[in-house]
Structure formats: C-alpha cells, structure tokens
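> My questions concern the predicted model and sequence given below.
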Amino acid sequence: MSRTTATVAASLPDHWEELVTAALLGTDRRVPPGAAPGPQAPSDLLDGAAAATVRRRAGLRPARPAERLRPAPEDPRPPLPQAAARRLGALLADRPGASGAGRRGAAPDLMELLPQWLQAANARGYAAPPQALPALLDAARGRTDLRPAALRFAGPRALWLARLNPDWRFALRAAPGGGPSAPDLRDPQGIRRLWQEGLFAERVTLLTALRSRDAAAARTLLEETWTTERAEDRLMFLDSLRAGLGPDDETFLERALADRSRNVRATAAELLSALPASALAARMGARAAVCVAVDRTRDVPTIVVEAPHECDAAMERDGVAATAPAGRGERSWWLGQLVEAAPLGTWPGRLGGRTPEEIVALPVADGWQGELHAAWCRAAVRQRDAAWSRALLGEPSAPEAGGPGAVSLAERARLLATLDAGERAAWVAGFIETHGLSEAFQLLGVCAVPWAPPLGRAVVDALNIARDAGSYPWSFSGVMGLAERCLDPSEASRLDALLAIPDEPEDAAPGAASYWSEAFQRLVTTLRLRGAMLAELAPEEPAP
C-alpha cells in the first residue's frame, strides 16, 4: 500500500455511505471523505473503499451454522422401466401452446396424455425418477387436475423438494401435516394430535382419508370437536361424510339439522335424504305423497299435483328453503324440494303399484310434468337409484333423446352416472347412432375409459358420417379430443381406412376432406402412442 493510501486508510473512519455516494456521482462532483480534490481523488476513493470493506468484513460476527440439509427420504417403490422413463420426459417437456395457435396439425397433444400416463404408472406402483421430479412438480403447479395423481406418483421425495422451493408449496398442503406421507391411520394418538393441532386443510385431508378407511372413526372424531368448530369449517367437515355415507351417520346428521348455520342444516338434510331409510326421508316422503296422486276418474289415469300452500317451520328444519329463487313460484319451488328429498320407494305404493317406467309414462295434469319429473331426476341421482334413472332417461333412440324428465344434457349425464359402466356406454352409443355427435359431448364425458367397443364404434362411425357430410372437423373438436384420450388403442388399426383424402362432394366446405384426413391421422397416431405408453409400463423382463 502506498504512503498516500496508508494515510487515507488510517485517517478514514468507515464512511461507507459517503464512499458509495462519491462512487455513484463521480469524484468530480463529490470528493470522497478524507481525500483532496484533484486527479488523485479516484484512487483515494478506491483505496478508501478497499479499507472500509476490510473493516466491515473483519467486524462481522460469524453466523450460526445452518442445520445440515437432511437427505431426501428413500422411495421403496420399484423404478420405472427405462422406456417409460424416457416417455415421461417427453410428456413433461411438452408445453401447452408450444405449437402456436390455430390448427393442431397431425401431432398428438402430449400434455393431454400425461394424466392417463400417471394413472397407469400409479396403478402399477412405480416410483418417479428423481431427475423428473422438478418438471413433474411444475406440471402439477400449472394444472390442479394433475395434482392428486402427480403427487402420488412423485412420492416422498417431491415433498422433500417442495420444502426448498416456495413455488412447490402446494404439495405440502396436499399431504396431512406437510409430512413425507399421510399419518399412519392405525396410530390413534397421531390421528388425534393432527386433528387437534393441524391446520384446517390438514384436518380436512385427514378426515377424508380416515373416512375412506373407517367411516365410524372419522365420524367419532368429528363429533368430539363439532360444537367448537367454525360454521364454515363445519360445512366442509360435514361434506366429507358423503364418502361412505350410511345409516350409522343418521343420528349425527339429525343433530346437525339444528345447527346455527343455514348451509350446515341444508347439507345435513341433503345427506339424510340420500339415506332412503332415514327418519327425515320418511318425513319428506309423507309430505310429498300428500301432494301427488293418480286421478282414476279420467279416461286415462293421470297424475294430479297439489303443491304445498306454505313452508312451515318443520319443513324448514328438514332442509326446505322457504324463499324461492327469482322467477320461480313458491309452491312449485317447495314441491320440487319435497319430491327431490322423498324416497323413490314412496311412489309405486302411492301411485297404484306401478313400476318407475309406468309412473314416468303417466300424463301429468295442469302443466306440472316438467317440475315433477325434474325433481324425480334429482332424487334418482341423489339416491343412486338405477331403476328410476333408466325410466327417466328412456330409450336413447327416443325423439329429443330421452325420457320426459331428462330436460337437459347435464341432467342426462347425471342420470347416466348412476348406471354401471357397460349400461352407460350402451345407452350413449344408442344415443349417438340416432342423434349424432352434436349433443353427445357431455354424455361421453361420464363414460368409463377406455370406451367399450360398441361406444367406440358409434363415435368413429358418427365422425365418418360427419366427414362425408362435408363439414369441417373442428365443429367436432371436443369429441375428437375425447376420442384421442378415451378410444381403446386397439381401435387404431380399424381407423387406417379413414386416413385417405376422399373426393370432396360439390357442396362440401373447401378443403374439408384434407382437414378430416389430418384429424384422423392425429387420432390414429395418438391411439398408437397410448398403446405404446401402456406397453412401456409393463415390468421389464430380467436379463438372462
């Protein structure tokens, strides 16, 4: 250090802020502390900064050593086969919108295949490759529908990573206690501690998990703290009782009918009405039966309706909302709620011993048919009654696609969900064969994947008919997207005949034939890709 530098260093206290200001403004405008104006000022500034830096660093107290990062927990599940691991990397590398807006071309949408891949990998019990965990967490962060399957596949190491990156904290909220795994449901003390001390989201997750394993234990846990919970929390906890709902829950739900919260009371009443043998269902059935009868004095037996004239306190306690929505008459509003909550077993005895099909076929006087049948639809869905759902759906080939109660596609879809997978697929196939694809999207969404062969054939035949009609394929883009994900991969070979570009009829939309060929090419390519994905997930044969 030069004599000048030593002099400056010795004479300067730690004027760090002044030195920074001089550096920012320049020594021509601001002379450093302890230095003289002139050509030597820049060197004095640097020397002073160096000396001050040494002073500042020498004066720092050593920080406490951070706790050493614990290694990630082991994942005991078997590793993915190599081909499946490579496929996972390709699926995660695909990003929505990477190909730009507009037509998709013939390339499959890999990101849309990821949920199906995760489901298959989880079914086989594989562990995620460690190097894929960051991309897997990023994908789950961007798509909430992926989170349950992605976090299950990612396993305990993903939760270990989530503690190190705030962007992945959602993974900690998804597991009770934010731990590497759910608490041992055979550990009563651990369960009780988490229930008493955990955050709300952790307690909801715990109650849901326990309910699926031991419904009575979950209900007992909830009963212990019920009176001390907040109203909004009681509502969420009560909703968890839908899983495994049974007659043993009736006593607790009856008490909840007297809850301070109107929403809690309404939910308790809804759950009780889903138990046809409950006392509330019997009370609602008795009220509804008074309102509906068969008039046998007419030439054709006809259902007549006398809607309630008031909503008394007992009805309100049992979940009937007294105030009708805007545009609804009070009496029809009350009637719909009574019929919806009444056991469907009430009606054959009340209406002359008729079957559900015969009851639905009866005419209804004075314009009450829509209200009555719509309430029966809601009751069939709530009580999971397949016989009434069949009656209300009617034949799929019927005009306007269904029975008199199926007033909307959404209601038909809900009714279909009460049937077993095979019957559901057969009904939707019959609907498509008669009515085409224009209204089939919602109905296809409730069918089991992969689609049963009759349903798959009906969809492909309808797409082929639409192509021959000369319309553009993007009019059916929703159905085509479902077909890519839901058709059985074995159908790919049967579709090869659709890849050729046919001659366009004179009245066809310009270029429609080539667009259809492109769409079918994408469908076939996606089906074969799905078939390859499933084959890659098969356990690897040991080397000889």
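All right, it came through fine.

> and the gap between Tyr446 and Ala258?
To be clear, residue 446 is Val; Tyr isn't right here. 37 Å (CB to CB, to the nearest Å). Where you see a C-beta, it was placed from the backbone N, CA and C, and this is true even at glycine.

> who's more crowded, the two?
Shown here are Val446 and Ala258; by other CB atoms under 10 Å, Val446 has more neighbours (18 against 10).

> got the contact list for the more buried one?
By CB atoms under 8 Å, 6 or more residues apart in numbering, the contact set of Val446 is Ala413, Leu416, Ala417, Arg424.

> Pipe the residues you listed into JSON lines and attach distance to Ala63 and pLDDT per row.
Shown next, in JSON lines, are the contacts of Val446 (distance: CB to CB, whole Å; pLDDT from 0 to 100):
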{"residue": "Ala413", "distance to Ala63": "61", "pLDDT": "92"}
{"residue": "Leu416", "distance to Ala63": "64", "pLDDT": "96"}
{"residue": "Ala417", "distance to Ala63": "59", "pLDDT": "94"}
{"residue": "Arg424", "distance to Ala63": "64", "pLDDT": "96"}
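
> Please, a ChimeraX command that selects the buried ones among the residues you listed?
This is how ChimeraX selects the buried members of the contacts of Val446, with burial counted by 16 or more other CB atoms under 10 Å:
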select :413,416,424
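
> what's the closest of the contacts of Val446 to Val360?
Checking the contacts of Val446 against Val360 by CB to CB gives Leu416 as the nearest, at 16.0 Å.

> list the contacts for the closest one?
Each residue near Leu416 by CB under 8 Å, 6+ apart is listed here: Ser389, Leu393, Arg424, Trp427, Val428, Leu443, Val446, Cys447.

> What helix or strand is the fourth one located in?
Yep, that's Trp427 we're talking about. Secondary structure assignment for Trp427, by DSSP states H and E: helix 421-435.

> ok, and what's touching the helix or strand that that helix is followed by?
Going down the chain from helix 421-435, the next helix or strand is helix 441-444, by DSSP H and E. The contact list for helix 441-444, computed with CB under 8 Å, 6+ apart, reads 409-410, 412-413, 416, 428, 431, 451, 455, 459, 478-479, 482, 486.

> Adding distance to Gly246, write the residues you listed out as a markdown table.
Below are these laid out as a markdown table (distance: CB to CB, whole Å):
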| residue | distance to Gly246 |
| --- | --- |
| Leu409 | 32 |
| Ala410 | 28 |
| Arg412 | 28 |
| Ala413 | 26 |
| Leu416 | 25 |
| Val428 | 31 |
| Phe431 | 34 |
| Trp451 | 33 |
| Leu455 | 33 |
| Val459 | 38 |
| Gly478 | 38 |
| Val479 | 39 |
| Leu482 | 35 |
| Cys486 | 33 |
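
> Emit the ChimeraX select command for whichever of those are buried.
Burial among the contacts of helix 441-444 is assessed by 16+ other CB under 10 Å; the matching ChimeraX selection reads:
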select :412,413,416,428,431,451,455,459,479,482,486
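
> among the contacts of helix 441-444, which are in helices?
409-410, 412-413, 416, 428, 431, 455, 459, 478-479, 482, 486 (DSSP state H).

> What ranges in the stretch 401-544 of the chain fall below the confidence cut-off?
Within the stretch 401-544 of the chain, the set of residues satisfying pLDDT under 70 comprises 401-407, 501-509, 540-544.

> Tell me, how many residues neighbour His167?
For the record, residue 167 is Asp, not His. Neighbour tally, Asp167, other CB under 10 Å: 11.

> Which secondary structure state does it sit in?
Following DSSP: H, G, I helix; E, B strand; the rest coil, the label given to Asp167 is helix.

> quick one: contacts for it?
By CB under 8 Å, 6+ apart, Asp167 lies in contact with Leu137, Asp138, Arg141.

> Top of those by number of neighbours, please.
Neighbour counts for the contacts of Asp167 (other CB under 10 Å) peak at Leu137, which has 23 neighbours.

> Look at the closest residue to that one other than its chain neighbours and report its pLDDT.
Among residues not flanking Leu137 along the chain, Trp168 sits closest, at 4.7 Å (CB to CB, 6 or more residues apart in numbering). Trp168 carries a pLDDT value of 93.

> From Gly142, how far out is Trp168?
Trp168 is 12 Å from Gly142, where distance means CB to CB.

> between the two, which one's more packed in?
Each of Trp168 and Gly142 has its neighbours counted (other CB under 10 Å); Trp168 has more, 20 against 11.

> Surely the more buried one touches Trp160?
No. Counting by CB atoms under 8 Å, Trp168 sits too far from Trp160 to count as a contact (10.4 Å).
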